[in-house]
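[1] Any chance you can model this:
(chains A and B)
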Amino acid sequence: MKIRKIIYLFISILSLYNPDLFSQEMPDTFLKKARVDFAVPDAPAFKILQTEPSSVLRPTSAREIAVTIANLFQGGTIPDNYALEISPGLIFGSSLAKYRENPFLYRARISFATKSMENSARQIGAGIRLTLWDETDLRMDNILQTELKKLGEQSVNLMSECVSELAEEGIDSESPNFQELLNERLEEKGFEKINPLIEERREAAKKKKWNAPIVEVGFAMSALSGDTLARNLAVDSYRWWLAGAFPLGSDGQVVAGLNGGITENEKGELKNSESNFGLRGYYGTNQQKMFLEGNLCTASAFLPSISFNIGYEFNLMNGLWADLTLGLIKKDGSKFVSNSSLNFRFATPE
Amino acid sequence: MPVAVINKKIKIIPNTERITVELKFETLLLCNYKIQVKEVNSNSIVHEWSGDNSNSEDDKYSLGTGKKNVGRTVWIFLSIIDQTGEGGEYKITATLKQNGEPLPGGELTTGKKELKPGENKHDYILVAKLVE
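    This is a model prediction of the structure:
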């Protein structure tokens, strides 16, 4: 009887076989089974045109930005396959003190792109991305900054100490081998040990803030011209994104995302709308992780679709993981359909 | 990365007009500094200041009159730290002025440099010998 049970269990496991079985997958990839994409794109203009430009122009000063914009539509024509990203904060100068006074401006990104279409038609996209709240920003972390300043002080103090010692030995900055002797002296005093401490402090801060609150928003629009002339442009779509993440205790996170858009219908009217709302809760330790998510999609041309997913991953023994995902989806007015899987895999032991 | 040393001789006028040193940080990286003014042909420190670029206070210091500073050496120790782990560009400039006017050739700079992700820190020593 016992043997029959074991055989039954073995056959059940084999029946769930999929190509991922025993793959060298890291446990974190488990979360990829979550279906909802919450991210606000880095460059909304590229996203709305569905383009991934190989080179993006990123002016780094107010003057460069002015020159770039002035050249952009020179002669009233639309440039071919062009991509531009501007950080408004740079207009006010690249300064850590100013960043800390007004991080909102420095985090903002304006994007612009053009795309060639058939028959020399051109499509342009323009977008903006704003980070409204970001507690994960390490530049705004006062505790980390105080710790790093102490390491910086240690660094400048060691340099001045070594310079003084060399001066006592009659070696000054004009001596031919001063730099070499200085670096040797610094090495003797453990100057290089400061480097890993910086990384250690930073990683500790990152770990502490992994699920800190962050709220981002993005907006983009695209316009189409039947030729290369800017004056013939007509708006053909809008898209927007809103995403937020908040802590759920020390080991969990809740992520919410809302995005949507309006595009032209067959008559060329801006009437095709769609929107998505997703919510995901995540909780995990080194031994087990789980997520629960829900997603609602609505569109003017289709019936709403709803989906739910739940996933649970646990460490069976060191290096051997099992994950179970259960999904339910309802679309086109049909009943809920399930989509579930159980996988086993080896991963690098922690 | 080894500490880079940038040396310069800067001519000053030995009069009663005030000599100042000003630091300008063009970066989002964290920078610590220490300035030491050393006596002529000596290791003794006449002035010492330290600070960083995380606040909006001026990083400007007075060395006293031109007459008093002939032969002295200004040492500026800089440490540039990557706070986010993403790296970034930086340019730090020290300008020596007399009576509020920049001295000819009175600028010492790291130049526009990049701290790559994983480098964590760059260090510099800017040395200005004040001569007549």
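
[2] Please report how far the residue of chain B found nearest chain A lies from A:E187.
    Relative to chain A, the nearest point of chain B is B:N32 (2.9 Å; CB to the nearest CB). Yep, even glycine has a C-beta here, placed from its N, CA and C like the rest. For B:N32, the distance to A:E187 equals 20 Å [CB to CB, to the nearest Å].

[3] swap in A:V40?
    46 Å.

[4] Tell me which of those two has more neighbours.
    Comparing A:V40 with A:E187 by other CB atoms under 10 Å in any protein chain shown, the one with more neighbours is A:V40, at 21 against 13.

[5] Surely that one is in contact with A:A243?
    Yes. Taking CB atoms under 8 Å as the definition, A:V40 is a contact partner of A:A243 at 5.0 Å.

[6] Identify the contacts common to those two.
    In terms of CB atoms under 8 Å, 6 or more residues apart in numbering or on different chains, A:V40 and A:A243 are both contacted by the residues A:216-217.

[7] Need the per-residue pLDDT for A:G127.
    Model confidence at A:G127, given as pLDDT, is 96.

[8] Spatially nearest residue to the most centrally placed residue in chain A (excluding sequence neighbours)?
    With distances taken as CA atoms, centre = their mean, A:A39 lies nearest the centre of chain A, 6.9 Å away. Spatial nearest neighbour of A:A39, excluding adjacent residues (CB to CB, 6 or more residues apart in numbering or on different chains): A:A243 at 6.5 Å.

[9] Check the offset of the helix or strand hosting that neighbour from the chain's centre.
    Using DSSP states H and E, A:A243 sits in strand A:234-248. How far strand A:234-248 lies from its chain's middle: 14 Å, per CA atoms, centre = their mean, to the nearest Å.

[10] Could you list every helix and strand in contact with that strand?
    Packed against strand A:234-248 by the contact rule (3 or more CB pairs under 8 Å, 6 or more residues apart in numbering or on different chains; DSSP states H and E) you find helix A:44-49, strand A:214-225, strand A:252-264, strand A:270-284.

[11] quick one, the third one and strand A:234-248 angle?
    An angle of 170 degrees separates the directions of strand A:252-264 and strand A:234-248 when computed by axes from the mean of the first three to the mean of the last three CA atoms, to 10 degrees.

[12] List the strands paired with strand A:252-264, with their directions.
    strand A:234-248 (antiparallel), strand A:270-284 (antiparallel) (DSSP bridges).

[13] residue in chain A nearest to chain B?
    A:G152 (2.9 Å).

[14] So that residue versus A:Q145, what's the distance?
    10 Å.

[15] who's more crowded, those two?
    Per other CB under 10 Å, whichever of A:G152 and A:Q145 has more neighbours is A:G152, with 27 against 22.

[16] Checking the more buried one next. Helix, strand or coil?
    helix (DSSP: H, G, I helix; E, B strand; the rest coil).

[17] From B:L78, how far off is it?
    Applying CB to CB to A:G152 and B:L78 gives a distance of 9 Å.

[18] what is in contact with these two at once?
    Joint contacts of A:G152 and B:L78 (CB under 8 Å, 6+ apart) are B:31-32.

[19] Show the contacting residues for residue 116.
    Chain wasn't specified; assuming chain A. Counted by CB under 8 Å, 6+ apart, A:S116 has contacts A:80-81, A:122.

[20] could you do chain B instead?
    Contacts of B:K116 (CB under 8 Å, 6+ apart): B:G87.

[21] hmm, back to that, confirm that the residue nearest to the centre of chain A sits in a strand.
    No. Counting by three-state DSSP, A:A39 falls outside a strand, being coil.

[22] For chain B, give me the ranges with low pLDDT.
    Scanning chain B for pLDDT under 70 picks out nothing.

[23] all strands of it, in order?
    B:4-11, B:18-27, B:30-38, B:45-52, B:60-65, B:73-81, B:88-98, B:101-109, B:113-115, B:121-131 (DSSP state E).

[24] Let's have those in a markdown table, adding distance to A:R202 and mean neighbour count.
    Shown next, in a markdown table, are those (distance: least, CB to CB, whole Å; neighbours: other CB atoms under 10 Å in any protein chain shown):
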| stretch | distance to A:R202 | mean neighbour count |
| --- | --- | --- |
| strand B:4-11 | 23 | 16 |
| strand B:18-27 | 17 | 20 |
| strand B:30-38 | 11 | 23 |
| strand B:45-52 | 17 | 16 |
| strand B:60-65 | 30 | 16 |
| strand B:73-81 | 9 | 25 |
| strand B:88-98 | 13 | 20 |
| strand B:101-109 | 27 | 16 |
| strand B:113-115 | 13 | 16 |
| strand B:121-131 | 11 | 22 |
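
[25] With distance to A:L132 as added columns, please give the ones you listed in a markdown table.
    Shown next, in a markdown table, are the strands of chain B (distance: least, CB to CB, whole Å):
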| stretch | distance to A:L132 |
| --- | --- |
| strand B:4-11 | 40 |
| strand B:18-27 | 25 |
| strand B:30-38 | 25 |
| strand B:45-52 | 28 |
| strand B:60-65 | 36 |
| strand B:73-81 | 28 |
| strand B:88-98 | 23 |
| strand B:101-109 | 37 |
| strand B:113-115 | 29 |
| strand B:121-131 | 32 |
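
[26] Tell me which residue lies farthest from the centre of chain A.
    A:G170 (53.8 Å).

[27] Could you say which helix or strand holds that one?
    With DSSP H and E as criterion, A:G170 is part of no helix or strand.

[28] ranges for the strands of chain A?
    With DSSP E as the definition, chain A shows strands at residue ranges A:83-86, A:109-116, A:122-134, A:214-225, A:234-248, A:252-264, A:270-284, A:288-299, A:302-317, A:320-330, A:337-338, A:341-346.

[29] any chance of the ones you listed in TSV, plus distance to B:N69?
    Below are the strands of chain A laid out as TSV (distance: least, CB to CB, whole Å):
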stretch	distance to B:N69
strand A:83-86	44
strand A:109-116	47
strand A:122-134	46
strand A:214-225	51
strand A:234-248	55
strand A:252-264	58
strand A:270-284	62
strand A:288-299	64
strand A:302-317	68
strand A:320-330	69
strand A:337-338	82
strand A:341-346	69
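
[30] For B:E101, which of those is the nearest?
    strand A:83-86 (35.6 Å; CB to CB).

[31] Any stretches of the stretch 201-350 of chain A with poor pLDDT?
    In the stretch 201-350 of chain A, residues with pLDDT under 70: A:347-350.

[32] ok, now with 50
    By pLDDT under 50, the low-scoring segments of the stretch 201-350 of chain A are A:350.

[33] how about the residues of it near chain B?
    A:202-203, A:206 (CB under 8 Å from any CB of the partner chain).

[34] Most neighbours among those, which one?
    Highest count within those by other CB under 10 Å belongs to A:R202, 21 neighbours.

[35] shouldn't that residue be in contact with B:E86?
    No. With contact defined as CB under 8 Å, A:R202 does not reach B:E86; the gap is 10.4 Å.

[36] So for A:R35, what's the pLDDT?
    pLDDT at A:R35 comes out at 59.

[37] hmm, back to that, just the buried subset of the contacts of A:S116, written out for PyMOL, thanks.
    Those of those that count as buried under 16 or more other CB atoms under 10 Å in any protein chain shown are selected in PyMOL with:
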select buried, chain A and resi 122
